Each structure stands twice: as structure tokens, then as C-alpha cells.
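Participant: build the 3D model from these lines:
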Amino acid sequence: MFFGKRRVAAALIGLIPAVLSALRFDRSFLKETLVNNLWAGVPCESYISFARKYACHEIEKNLRPEAMRVFLSHIEHGDDVYIVTASMKDWCEFWAERYGVAVIGTELEAADGYLTGRLLTPNCWGKEKVTRIRAAADLSKYSRIFAYGNSRGDKEMLSIADEAVYRWDRVPEIERRT
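Facilitator: Down below sits the predicted model:
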């Protein structure tokens, strides 16, 4: 973990007012407050080093085996694959580049070699996922769109897919497409 348990606990306690506010308003506010409390002033080099280590040591061991199998199947079939996540894009990008896939995610703002504690992009959650997907890809050029999600923030993204899998309630057959 980049930060010690005490610092994370203090940041979480400091979030109580933001949590109460977010319950009534926008959950992005909560994320921005947490990012500010934890990442403001951290050198970009340290952050990138952490992101690289996280990508190399944590992501794959936390994936469901069926998710990894389906992911690799899409790659083997030559599909355009995008990882769309509310997580920080940098955390996933180092992992995704080994498979040659694009990442759409939340990005942190930096200035003068340090993180500012602000988001550079809107939190990539809910409707924002659809907005960002449409900005990155012309969906009309695809005959079939697959989407996989595991949280409430994925519902809008799943609604634009021809084949949507939520929380691995089923494992789709990825047949050969020509």
C-alpha cells in the first residue's frame, strides 16, 4: 500500500462530511475529496511507480478466471478491447499495455511534477462511461458490442451493448467473427 494504514484511516474519517453530502448529491464529489486527501502533493514519479507496481502485482490476481479467459478470447479474436473503469487510468494502463488494449478511466491532474489532488477528467462512472466510450470509439462500425460490468456504475455502459454480462451471471460464448 502506498500510504500507511493510519493515513488512510485519517483520510477516511475526514471524509465523513463528504460521505454524508455524497449520499444526497454526486458521488464524484466523494471521490474527488478522497483523491485530494490522499494524493495532493505526491510526486508524479512516486505515483507512477506505485501504479506500475500495482499493475504488475495486484490486478491479475484479483480478476475472476472466467473474466480473464473471456478477455483473452476477445484479444485472440482481434476484437477492439477497451477497459472502462472508474479506477485511476494509470493503475490499469500499465497492465493493459501488455495486452495491447486501451483504457478509459478516471485521470488525476498534475502540475510541476506533483499531483494536485484534483481529477483531470470527470469520474468515469455511470453515464460518464458511456460518454467516454462514445468519444473513444465509433460504435456504429461494430456489428456486435460486448460489455462486462460488476457494479452499479456499469449499468449505463451495459445498456449500450448487444451482449451485456453483469457480475458474471453468465459466461458468454465468444464465437469466431469474420
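Participant: contacts, neighbours, all on C-alpha from now
Facilitator: Noted.
Participant: residue boundaries of the helices in the protein?
Facilitator: In the chain, the helices defined using DSSP state H lie at 5-14, 16-24, 27-39, 44-54, 65-76, 89-97, 127-136, 155-159.
Participant: helix or strand with the lowest mean pLDDT in this structure?
Facilitator: When the helices and strands of the chain are scored by mean pLDDT, DSSP states H and E, helix 16-24 comes last with a mean of 63.
Participant: which ones are touching Arg132?
Facilitator: Ile104, Cys124 (Cα atoms under 8 Å, 6 or more residues apart in numbering).
Participant: and it, how far from Ala111?
Facilitator: 24 Å (Cα to Cα, to the nearest Å).
Participant: how many residues are close by Ala111?
Facilitator: Ala111 has 10 neighbouring residues, counting by other Cα atoms under 10 Å.
Participant: beta-bridge partners for it, please?
Facilitator: Tyr114 (DSSP bridges).
Participant: state the distance from it to Arg118.
Facilitator: 10 Å.
Participant: check Met157 too.
Facilitator: Taken as Cα to Cα, the span from Met157 to Arg118 is 25 Å.
Participant: most tightly packed of the helices of the chain?
Facilitator: Among these, ranked by average contacts under mean count of other Cα atoms under 10 Å, first place goes to helix 89-97 (a mean of 20).
Participant: returning to that earlier point: so which of the helices of the chain is nearest Val171?
Facilitator: helix 65-76 (7.2 Å; Cα to Cα).
Participant: hmm, Ala161 is touching Ile145, no?
Facilitator: Yes - counting by Cα atoms under 8 Å, Ala161 sits close enough to Ile145 to count as a contact (5.0 Å).
Participant: so where is this structure shaky, pLDDT-wise?
Facilitator: Applying pLDDT under 70 to the chain picks out residues 1, 17-26, 174-178.
Participant: go again with 90.
Facilitator: 1-37, 167-178 (pLDDT under 90).
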